[in-house]
Each structure stands twice: as C-alpha cells, then as structure tokens.
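Novice: For reference, the sequence and a predicted model appear below.
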Amino acid sequence: MAIACARCNSPLPVWELPATGHAGCTSCGSRNTVSAFPALFAPTHASTRAEVALDGEAACFDHPGKRAVAACHQCGRFVCQLCAVEFGGGTWCPTCVVAGAGQAKAANLDAERTLYDSIALIVPVATLLVFWPVTTITGPGALVFALARWKRPLSLVRRTRWRLVAAILIALGETVGWIWVVVYYLTRFMTRQ
C-alpha cells in the first residue's frame with residue numbers, strides 16, 4: 001500500500017519512511033512527516049505473517065482467527081504478529097498506541113477489574129428480594145450508580161451492557177413505585193382532611 005504525498009497525492013518513496021518517518025516527494029519536492037502503523041513496512045515473508053490460531057491457542061484480540069504472539073504491556077490484550085507494536089522494550093496493541101497518541105505509557109497491567117455492571121444489577125435486585133423497604137434508598141442509588149458507570153470499561157473480556165440496562169430499568173421501577181406509593185398516600189391523607 002502506497003502512502004500519498006500530502007500536497008500532490010503522489011506515492012511517497014517507502015524506503016525513507018521506516019527509518020526516519022520523513023519522506024521527500026519525488027513529484028513536488030515537499031517534505032512529508034508520516035506516522036504509519038509498523039506492519040505497513042514489515043516484510044511479507046512467512047515468518048511475519050499472522051498465523052491461524054489452532055484450537056486451544058491464544059488468539060489476537062482484534063483478529064480472533066490469528067495466533068497471538070504477545071500480550072500488550074498496557075492492557076494485557078493478546079496481539080498477533082500484525083498488531084504487535086514494539087516500543088520501549090515492550091509490545092503494545094494498536095488501541096493503546098492510539099490512546100497514548102504514539103507515546104506508550106508505563107505498563108499498567110490489569111489483572112482484575114471491578115464489574116460495576118454486576119454491582120449495579122445485584123444491589124437493587126437483592127434488596128428487593130431480601131428487605132424491600134430498603135429499596136427507597138437502593139433504587140435511586142443504583143440508578144445513579146449505573147448511569148455514572150455507563151462509560152467505564154466493563155471487563156477484561158468482552159461483555160455487553162445488558163446488566164447496566166437491566167439495573168437501570170429495575171432501579172427506575174423501584175423509584176417510580178416508591179414515588180407512586182408516597183403520592184397515593186399523600187392524596188388519600190389530604191382528601192380525608
């Protein structure tokens with residue numbers, strides 16, 4: 001794949017790019033600074049091609065059919081030969097390189113992660129089943145908690161947000177139920193007087 005000149009859109013000479021990140025356009029003479037994914041410059045012989053993952057072997061996070069060759073030093077995701085970015089003595093996944101804007105940060109290996117979506121679901125359900133009067137507090141609390149944790153990472157493995165959606169719906173039901181009970185009894189009390 002050719003990288004085009006920013007000024008005239010002609011292909012840049014690829015032999016200059018891997019070493020310096022700069023290339024002079026042979027057509028218009030402009031100097032181009034290029035940040036390209038390292039796999040673009042990798043030779044395509046058999047040793048660098050990503051191999052197919054067999055049953056029981058670790059697979060790449062972004063390419064599930066490819067065999068993993070390393071784990072990212074930032075997030076711990078497995079990467080194939082195509083995705084592996086060697087930087088600062090470590091291997092990084094493309095997501096962490098992009099998140100660091102090309103400057104990978106110090107290793108932050110997550111061995112575990114708090115499952116906020118499960119907490120947001122368990123609290124209103126457990127209080128509803130065990131001691132329902134406490135739902136006056138846990139309903140609105142779980143609603144606020146679930147909404148506040150909506151954009152947080154869910155788990156080290158892929159998960160969907162169905163637990164957060166269920167927690168929001170249950171907490172909304174509890175909160176609306178308590179509001180209805182309070183309004184109902186207040187209107188009955190007011191009509192008696």
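Specialist: On my side now, so go ahead. Residues are numbered from 1 along each chain as shown.

Novice: So the chain: which segments form each domain?
Specialist: Using automatic domain parsing, the domains assigned to the chain come out as 1-36, 39-111, 116-192.

Novice: For the longest helix along the chain, name the packing helices and strands.
Specialist: Longest helix in the chain, counting residues (DSSP state H): helix 162-192. Where contact means 3 or more C-beta pairs under 8 Å, 6 or more residues apart in numbering; DSSP states H and E, helix 162-192 is packed against helix 116-130, helix 135-148. To be clear about C-beta, it is placed using only N, CA and C from the backbone, and glycine gets the same treatment.

Novice: Using CSV, write out every CA atom in the longest one.
Specialist: The one in question is helix 116-130. Output of helix 116-130 as CSV, limited to C-alpha atoms (Å, rounded to 0.1, in the frame of the first residue of the first chain):
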residue,chain,number,x,y,z
TYR,A,116,-19.6,-2.3,38.0
ASP,A,117,-22.4,-3.6,35.8
SER,A,118,-22.9,-6.6,38.1
ILE,A,119,-22.9,-4.5,41.2
ALA,A,120,-25.4,-2.1,39.7
LEU,A,121,-27.7,-5.1,39.0
ILE,A,122,-27.2,-7.1,42.2
VAL,A,123,-27.9,-4.2,44.6
PRO,A,124,-31.5,-3.3,43.6
VAL,A,125,-32.5,-7.0,43.0
ALA,A,126,-31.0,-8.3,46.3
THR,A,127,-32.7,-5.5,48.3
LEU,A,128,-36.0,-6.1,46.6
LEU,A,129,-35.9,-9.8,47.3
VAL,A,130,-34.4,-9.7,50.9
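
Novice: That helix - contacts with which helices or strands?
Specialist: helix 135-148, helix 162-192.

Novice: Please identify the deepest-packed of the ones you listed.
Specialist: Stretch with highest mean neighbour count among these: helix 135-148 (a mean of 19; mean count of other C-beta atoms under 10 Å).

Novice: Count the neighbours of the nearest residue to residue 149 once chain neighbours are set aside for me.
Specialist: Nearest in space to residue 149, with sequence neighbours left out and distances taken as C-beta to C-beta, 6 or more residues apart in numbering, is residue 116 at 4.0 Å. For residue 116, the neighbour count with other C-beta atoms under 10 Å is 20.

Novice: In this structure residue 116 contacts residue 150, no?
Specialist: No: judged on C-beta atoms under 8 Å, residue 116 makes no contact with residue 150 at a distance of 9.1 Å.

Novice: Overlap of the contact sets of the two?
Specialist: residue 164 (C-beta atoms under 8 Å, 6 or more residues apart in numbering).

Novice: ok, the residue nearest in space to the middle of the chain - contacts?
Specialist: The centroid of the chain falls nearest to residue 153 when counting by C-alpha atoms, centre = their mean (6.1 Å). Residue 153 sits next to residue 113 when contact means C-beta under 8 Å, 6+ apart.

Novice: Having no further points to raise, I will conclude here.
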